[in-house]
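[1] Sequence plus the predicted model coming up.
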Amino acid sequence: EAKVQWKYQGQGIMSMGNSDPSDIKETMVEEFLSLVKQDVSARVRLADYIAHILEEVEEDVPYIREQFQAELVEKELLGEVEYVDLALLESLSEAVWKRLTAAYSFDPSNDPDAEFYYIYKHQVVGALKDATYYGAINKDIFLRTYRDLSGSLRVGRQLFQKLSSDGSSVTWYDVRSRDAVFDVFGKEHDRGDQHMFERNEQMKRRAEQELRDSLKLLQKPEL
């Protein structure tokens with residue numbers, strides 16, 4: 001029976017999840033042993049160990065490095081000690097490894113705008129060109145066409161609103177004349193930009209507000 005490491009609260013935006021905290025523990029132990037040339041009885045200065053860890057964090061993901069810097073240096077996650085040894089790393093609580101895992105697990109999959117990175121502009125335009133070949137399509141067909149590209153209903157509705165001239169349908173002319181609408185697709189993601197987390201928080205707050213609003217409607221007495 002596996003222990004549940006990460007729990008979902010049942011409301012708001014659910015991400016793709018974080019890694020197993022044991023993975024980051026194993027990595028940091030391996031980095032320690034690498035630093036001390038596999039000498040299991042050795043110890044190193046905390047500052048040197050942290051500097052080594054930060055060097056090993058992916059250089060192309062600056063925001064993750066900033067997260068590690070904050071946890072290890074500013075918040076002194078490994079404790080107020082001068083030296084690090086294997087015994088210290090083995091004695092750290094699960095909460096410590098979960099904090100570091102959360103700092104490292106940010107990924108485009110967890111971005112509410114993830115589809116802008118895996119769906120390309122030419123795919124959306126091509127699909128809509130085929131769908132509108134015989135004329136205007138209504139909102140249901142438009143959303144079904146976009147969903148077939150693994151897009152979300154949320155973004156599909158936003159696209160429909162931006163493209164439709166009459167509010168009820170989309171034509172090939174609408175698609176062609178509003179080409180800039182599709183420029184949001186095919187972005188290159190750096191796997192750790194600060195704005196990703198801001199977007200996640202915005203989406204979470206929006207989803208929670210929508211949930212509260214829907215509950216109010218359910219509780220509203222009939223006249």
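    Yes, it's here. Residues are numbered from 1 along each chain as shown.
[2] all contacts plus neighbour counts: C-alpha atoms, from now on.
    Noted.
[3] and Phe32, what is it in contact with?
    49, 85-86 (CA atoms under 8 Å, 6 or more residues apart in numbering).
[4] which ones among those are found in strands?
    Among the contacts of Phe32, DSSP state E puts Asp85 in strands.
[5] which of the contacts of Phe32 lies closest to Tyr173?
    Tyr173 lies nearest to Tyr49 out of the contacts of Phe32, by CA to CA, at 60.3 Å.
[6] Surely the closest one touches Val84?
    Yes: using CA atoms under 8 Å, Tyr49 is in contact with Val84, at 7.4 Å.
[7] Please name the nearest non-neighbouring residue to Ser169.
    Nearest in space to Ser169, with sequence neighbours left out and distances taken as CA to CA, 6 or more residues apart in numbering, is Asn138 at 4.3 Å.
[8] Same question for Lys187.
    Sequence neighbours aside, Tyr117 is the residue nearest to Lys187 in space, at 4.9 Å (criterion: CA to CA, 6+ apart).
[9] How far away from the center of its chain is the helix or strand hosting the one you found?
    In the assignment (DSSP states H and E), Tyr117 maps to helix 115-118. Offset of helix 115-118 from its chain centre (CA atoms, centre = their mean, to the nearest Å): 12 Å.
[10] The helix or strand following that helix packs against which elements?
    Following helix 115-118 in sequence order, the next helix or strand is helix 121-131 (DSSP H and E). The contact analysis (3 or more CA pairs under 8 Å, 6 or more residues apart in numbering; DSSP states H and E) places helix 121-131 against helix 139-147, helix 172-177.
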